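Novice: Next come a sequence and a model predicted from it.
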Amino acid sequence: MSESMSRRQVLASVAPVVLLAGRLAAQPPTEQAASPKPDGSPDFFPFQDPKMVKEIVGASHRDVDRVKALLKEAPRLANAVYDWGYGDWETALGAASHTGRRNIAAVLLEHGARADIFALAMLGNLEAVKGMVAAHPGIQRVKGPHGITLLKHALAGGDQSAAVAEYLTALGDADVAYKDLPLTQEERDACVGEYSFGPRSDQRILIQVNKNQGRLVIQRVNGNAQNLFHQGGKVFHPPGSPETRVEVGNGVVKVVGSGVEVVGRK
């Protein structure tokens, strides 16, 4: 696909844990410094700078000027994808889509970003969304980054995607949220704390209360905080990875997913 294609052309063409181990068993590559090799090349060569990958995905939530600057420096960042934790992968276009940033989505598409059903829903391309649902029945139930539903993406697009939102609402299953049972104050207090799973200072899992949302979040020290969805009995899962289990009890947290088990103790 030519990078010079217009957004209209792009949309028309679409119309008719190993992950967990990487986050918990070692410092994530995206957080490591790019120390040069003896020949002067950075450790991440020949891949794009992981810090830039994280930055453009973050900027695509809100900052069109920064997105343009990063794309000018490295145009292939239009297809950047970042794992916020536990397999919660998000593309730059995905970030623009669930936040309703049509201007950022347009810039990314002009640089060759790959349109998906979430972007098409936010942009209001009803025929494309209908075509994908017809071709892949049930795709409307697939969640986007952070567990955000397809209908929520359409609603983020405002008036220009109202017809898509109406269509998805009529389907009846395009906005099924994660199960998230209430916690008693006693259960909440029992979960909160710092859990060590190794001798290094960064081998710590923090479970805290998000003061803005009043819900529990989990993060590795120096990592990204992730919401926890309560499944009952102080068993949780993070967004983007409902098969991962975070079990808390008796001063121990056990994280199980993708064939990996990590145990931390207070």
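Specialist: Yep, that arrived.
Novice: And the strands in the stretch 151-266 of the chain?
Specialist: With DSSP state E, counting those that start in this stretch as the criterion, the stretch 151-266 of the chain has strands at 193-196, 204-209, 216-220, 226-227, 229-232, 235-237, 245-249, 252-257, 260-265.
Novice: could the ones you listed go into TSV alongside mean pLDDT, mean neighbour count and distance to residue 178?
Specialist: C-betas here are computed from N, CA, C, even on glycine. What follows is these, written out as TSV (pLDDT from 0 to 100; neighbours: other CB atoms under 10 Å; distance: least, CB to CB, whole Å):
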stretch	mean pLDDT	mean neighbour count	distance to residue 178
strand 193-196	97	17	23
strand 204-209	97	18	18
strand 216-220	96	21	14
strand 226-227	94	22	9
strand 229-232	97	17	5
strand 235-237	98	22	8
strand 245-249	97	19	13
strand 252-257	95	20	15
strand 260-265	93	17	21
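Novice: Nearest approach to residue 144 belongs to which of those strands?
Specialist: Nearest of the strands of the stretch 151-266 of the chain to residue 144, taken as CB to CB: strand 226-227 at 14.7 Å.
Novice: Please, where are all the helices along the protein?
Specialist: Assigned by DSSP state H, the helices in the chain fall at 7-12, 19-24, 50-59, 64-73, 92-98, 102-110, 117-123, 126-135, 150-156, 162-171, 185-191.
Novice: Among these, show the one with the smallest mean pLDDT.
Specialist: Among these, helix 19-24 has the lowest mean pLDDT, at a mean of 34.
Novice: returning to what we had before: which one of the strands of the stretch 151-266 of the chain lies nearest to residue 153?
Specialist: Proximity to residue 153, assessed across the strands of the stretch 151-266 of the chain by CB to CB, is greatest for strand 226-227 (18.0 Å).
Novice: which neighbours does the closest one have in its sheet, and in what orientation?
Specialist: strand 216-220 (antiparallel) (DSSP bridges).
Novice: Go through the strands of the stretch 151-266 of the chain and name the closest to residue 177.
Specialist: Closest among the strands of the stretch 151-266 of the chain, using CB to CB: strand 229-232, at 9.0 Å.
Novice: Show me how far that closest one is from its chain's centre.
Specialist: Relative to its chain's centre, strand 229-232 lies at 19 Å (CA atoms, centre = their mean, to the nearest Å).
Novice: Could you list every helix and strand that that strand packs against?
Specialist: Helices and strands touching strand 229-232, by 3 or more CB pairs under 8 Å, 6 or more residues apart in numbering; DSSP states H and E, are strand 235-237.
Novice: re the thing from before, identify whichever of the helices of the chain lies nearest to residue 222.
Specialist: Nearest to residue 222 among the helices of the chain is helix 19-24 (11.4 Å), distances taken as CB to CB.
Novice: I'm done for today, thanks for sticking with me.
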